[in-house]
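>>> Here is my input, please return the structure:
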Amino acid sequence: MGLFSRHPAPRDVVASVAEAVQTPPKSLWSDGFGRLAVRAVQILIVVALVAGLIWGIQQVTLVIIPLVLALIFASAFGPVTMWMRRKGVPSVIATLLTLLAVVAVLAALGWLVVNAVVNQWDSLSSQAVEGFEKAQEWYQTLPFAISSDQVNAALQGIADFVTSAQFGTGALAGVGAIASFVTGFVLMVVILFFFLKDGPRMWEFVLRPFHGSDYDRARRIGDKTVTVLGSYVRGTASVAAVDAIGIGIGLAILQVPLALPLAVLVFLLAFIPIVGAVTAGILAALVALVTNGPIVALIVVGIVVLVNQLEGNFLQPVLMGRSMKLHSFVVLVVLAGGTAIGGILGTLLAVPLTAVVWGIITVWNGPDKPAEWARRKKRKDPVPLSGDES
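Presented below is the predicted three-dimensional model:
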């Protein structure tokens, strides 16, 4: 009975052939639960790699933080250096002039704040003491008033902490932190100098291993990073300056002490989205409450709210452009994560770095082509939004 035999094969032969080609038994990893387990293991590996990367960065923060800050400042002030070069200024001189301008602005702000605090310290301290005494008289009228013994016990606890060995250890740690800050600042200035002077050549050196489409993608990533960081810093600085000037003028008209330092604080805190404006408004209102009374404090709150509304509805869309297309929920989550990981610096750097990551995703496959998974999907029957049932 060969291959071309006219007689059909016996029934037992057919059954044996069917058993031979039968589908092999399913593996434990091929069903739904198995695929879920594989995916969970992959997620755990990715989380472990990210955690290891964060841990490694935390071990070398003295280098990483100055490097990141230098990159941000170079992205913001690089156009100034390039403009001077196009006007015929030598590269080294243009870079030094840019650095000197940045240092001069920072030094001027510091001098203004310190000078204002020193000049108004006596009046502010006396008003603070008076406000504290009024607060004591007020809380004694409450049904749950704190007794004088409890206040004295709290003050004694503070005095004991100041004279304890733990406070001395903290003071030594503070000295170490100041030394680390000075070291990091000097390193940042040096790195910033080279970024401003030789940034394009340094980036070309980094791109040497890439070729073809990988080289084009790396070029897009670099250009997008510099564009987003520069736009973020310049736009935020412009918005912060308007906020500081508006609130500072209001505080000066109301004759609130430390109006200039508070305005500078508003400018600095404006670099922390959402949270910074609220914090600055609370501090300004508290100073006005202690020194000028509740009516002036309410007026200060109104000024802060008005300036913040002007910023959010008019200034940010015009000055920030498309450099910060992040939802407010994402901003809050990123701020919380950045604060938990890196403290104050993490709070300041979390949002611009997240904006950079999203900017890179938007140019991953081309100048206007985001990564496949990040593209907006077109739905045949979109669900109408609330209030739009038509």
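
>>> what's the neighbour count on Leu268?
The tally of other residues near Leu268 (other C-beta atoms under 10 Å) stands at 15. Yep, even glycine has a C-beta here, placed from its N, CA and C like the rest.

>>> Val307 versus Asn313, what's the distance?
Between Asn313 and Val307 the computed distance is 11 Å (C-beta to C-beta, to the nearest Å).

>>> Of these two, which one has the most company?
Set side by side, Asn313 and Val307 show more neighbours around Val307, with 23 against 9, by other C-beta under 10 Å.

>>> measure that one to Met202 for me?
Distance, Val307 to Met202, by C-beta to C-beta: 40 Å.

>>> And for Leu112?
36 Å.

>>> All the helices of the stretch 101-250 of the chain, residue numbers only.
148-162, 165-206, 212-253 (DSSP state H, counting those that start in this stretch).

>>> tell me, how many neighbours does the nearest residue to Val304 once chain neighbours are set aside end up with?
Distance criterion C-beta to C-beta, 6 or more residues apart in numbering; nearest residue to Val304, sequence neighbours excluded, is Gly281 at 3.6 Å. Here the number of neighbours of Gly281 (other C-beta under 10 Å) works out to 21.

>>> what helix or strand does Gly281 sit in?
In the assignment (DSSP states H and E), Gly281 maps to helix 275-292.

>>> May I see the buried residues of the helix or strand just after that helix?
Following helix 275-292 in sequence order, the next helix or strand is helix 294-310 (DSSP H and E). Neighbour counts over helix 294-310 (16 or more other C-beta atoms under 10 Å) mark Val296, Ala297, Ile299, Val300, Val301, Ile303, Val304, Val307, Asn308 as buried.

>>> Run through the residues that contact the first one.
Looking back up the chat, that one is Val296. Counting by C-beta atoms under 8 Å, 6 or more residues apart in numbering, Val296 makes contact with Leu254, Val256, Ala288, Leu289.

>>> follow-up on the earlier one: of the buried residues of helix 294-310, closest to Ile54?
Asn308 (32.8 Å; C-beta to C-beta).

>>> Would you mind stating the distance between that closest one and Ile249?
Asn308 is 15 Å from Ile249, by C-beta to C-beta.

>>> tell me the contacts of Thr81?
Going by C-beta under 8 Å, 6+ apart, the list of residues near Thr81 reads Ala94, Thr95, Thr98, Leu196, Lys197.

>>> For it, pull up the helix or strand it's in.
Assigned by DSSP H and E, Thr81 falls within helix 61-86.

>>> Now do that helix: distance to the chain's middle.
Relative to its parent chain, helix 61-86 has a centroid offset of 17 Å by C-alpha atoms, centre = their mean, to the nearest Å.

>>> Make residue 1 into 42 and carry on from there
In the new count, where the first residue is 42, that last one comes out as helix 102-127.

>>> quick one: average confidence on that helix?
Averaging pLDDT along helix 102-127 gives 89.

>>> Next, the buried residues of it.
106-119, 122, 125.

>>> any idea of the pLDDT on Val404?
Note on Val404: pLDDT of 90.

>>> which residue packs closest to it, ignoring adjacent ones?
Arg261 (4.5 Å).

>>> so that neighbour makes contact with Thr403?
No. Using C-beta atoms under 8 Å, Arg261 makes no contact with Thr403, being 9.7 Å away.

>>> Comparing the helices of the stretch 142-291 of the chain, which comes out most buried?
helix 253-294 (a mean of 18; mean count of other C-beta atoms under 10 Å).
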